[in-house]
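1. All I have is the shape, not the residue letters:
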Ligand SMILES: Nc1ncnc2c1ncn2[C@@H]1O[C@H](COP(=O)(O)OP(=O)(O)OP(=O)(O)O)[C@@H](O)[C@H]1O
């Protein structure tokens, strides 16, 4: 069965249409990326899915159940933001423990502090932060802070995790490492993941399927191979080629800066 079915979502801000009858499905355990230029409505979709924003029109089904009006905390979905959204006054361990003890989906199970601490430690060890439990977020690198945010989200055991450009503030090496880690975590926990990125290479490397959007419309939702081999329309064709060229340009610039590519 589909994990999510989104039917005819529309959204207007200040009289301007941002999403126009958007419909798509996400399979159970799927890694789906949303690709598209700035302002095309990617974040708005995620915010509506998790219940931080309401649609003007449309229905969201999860496991076949209508959750369109279900409060965010009861949707069993988690979200990871670009800016980590950690509590600066709490330790790394405290951030995850706090989420376990306050979230409606876990607070009954983890009202015992020792149990919450044990679970938080287990999740932080899983993302390689065993040595950093007592540090404050600002004492960690960006990649480590994002790992805390991922551990915190996974600890709440959501069956769908939404990612809003989680790696855009990170350097290339960290991004590459986190890519692999995220896929491993998905295999281990089996969550369905929806991932917004500007980075086409990231989307093609990680996704089962990619949704290419522009100006509030879906142009294509397909496997990475089909998007390259069978672009649905001129927009997708141009978008894919433009991004590949941008990537090649930036690789050449990178090589030049680092002393390579002098003959390019
Ligand atoms: N709360 C809001 N009030 C008014 N306009 C909004 C609001 N949220 C989003 N918008 C507008 O809706 C459009 C889509 O925004 P959205 O954040 O979904 O785009 P996006 O594709 O995620 O862009 P980016 O890649 O830059 O994050 C933009 O024009 C944005 O300015």
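-> Alright, I've got the coordinates. Note that the coordinates shown come from a computational prediction; the quantities given were computed from them, not determined experimentally. Numbers count the residues shown, from 1 in each chain.

2. Report the rounded mean pLDDT for stretch 85-97.
-> For stretch 85-97, mean pLDDT rounds to 95.

3. same deal with stretch 26-42?
-> On average, the pLDDT along stretch 26-42 is 95.

4. what do you get for stretch 191-207?
-> Across stretch 191-207, pLDDT averages out at 91.

5. swap in stretch 164-182?
-> If you average the pLDDT values across stretch 164-182, you get 89.

6. Strands of this protein, residue ranges please.
-> Secondary structure of the chain (DSSP state E): strands located at 2-13, 16-27, 31-35, 57-62, 65-66, 77-81, 160-164, 192-196, 209-214, 217-222.

7. Let's have the ones you listed in TSV, adding distance to residue 129.
-> C-betas here are computed from N, CA, C, even on glycine. Formatted as TSV, the strands of the chain follow (distance: least, Cβ to Cβ, whole Å):
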stretch	distance to residue 129
strand 2-13	29
strand 16-27	29
strand 31-35	23
strand 57-62	30
strand 65-66	35
strand 77-81	15
strand 160-164	18
strand 192-196	20
strand 209-214	30
strand 217-222	35
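
8. Of these, which is nearest residue 43?
-> Residue 43 lies closest, by Cβ to Cβ, to one member of those: strand 160-164, at 5.7 Å.

9. Quick one: work out the angle between the closest one and strand 77-81.
-> 20 degrees (axes from the mean of the first three to the mean of the last three Cα atoms, to 10 degrees).

10. Can you tell me which helices and strands strand 160-164 packs against?
-> Other elements packing on strand 160-164 under the criterion 3 or more Cβ pairs under 8 Å, 6 or more residues apart in numbering; DSSP states H and E are helix 42-50, strand 77-81, strand 192-196.

11. Just confirm yes or no for that strand near the ligand.
-> No - judged by Cβ under 6 Å from any ligand atom, strand 160-164 makes no contact with the ligand; its nearest approach is 7.5 Å.

12. Need the contact partners of that strand.
-> 3-4, 26, 42-43, 46, 49-50, 62, 75-82, 153-154, 191-197 (Cβ atoms under 8 Å, 6 or more residues apart in numbering).

13. Okay, now the sheet partners of that strand, with direction.
-> strand 77-81 (parallel), strand 192-196 (parallel) (DSSP bridges).

14. just to revisit the earlier point, could you dump the helices and strands packed on strand 160-164 into CSV with distance to the ligand added?
-> Below are the helices and strands packed on strand 160-164 laid out as CSV (distance: least, Cβ to the nearest ligand atom, whole Å):
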stretch, distance to the ligand
helix 42-50, 3
strand 77-81, 11
strand 192-196, 6
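
15. Tell me which residue is most central in this protein.
-> Nearest to the mean C-alpha position of the chain, by Cα atoms, centre = their mean, lies residue 163 at 1.3 Å.

16. bridging residues for that residue?
-> Here residue 163, judged by DSSP bridges, has bridge partners residue 80, residue 195.

17. mind checking how far it is from residue 124?
-> 19 Å (Cβ to Cβ, to the nearest Å).

18. Also residue 228?
-> From residue 228 to residue 124 the distance is 38 Å (Cβ to Cβ).

19. Then residue 2?
-> Here residue 2 is placed at a distance of 32 Å from residue 124 (Cβ to Cβ).

20. Of these two, which one has the most company?
-> residue 124 (25 against 16; other Cβ atoms under 10 Å).

21. didn't the more buried one look like it was pressed against residue 97?
-> No - the criterion here is Cβ atoms under 8 Å, and residue 124 misses it with residue 97 at 9.9 Å.

22. Which residues of the stretch 1-150 of the chain lie near the ligand?
-> Counting by Cβ under 6 Å from any ligand atom, the residues of the stretch 1-150 of the chain close to the ligand are 13, 14, 18, 36, 38, 39, 40, 41, 42, 43, 44.
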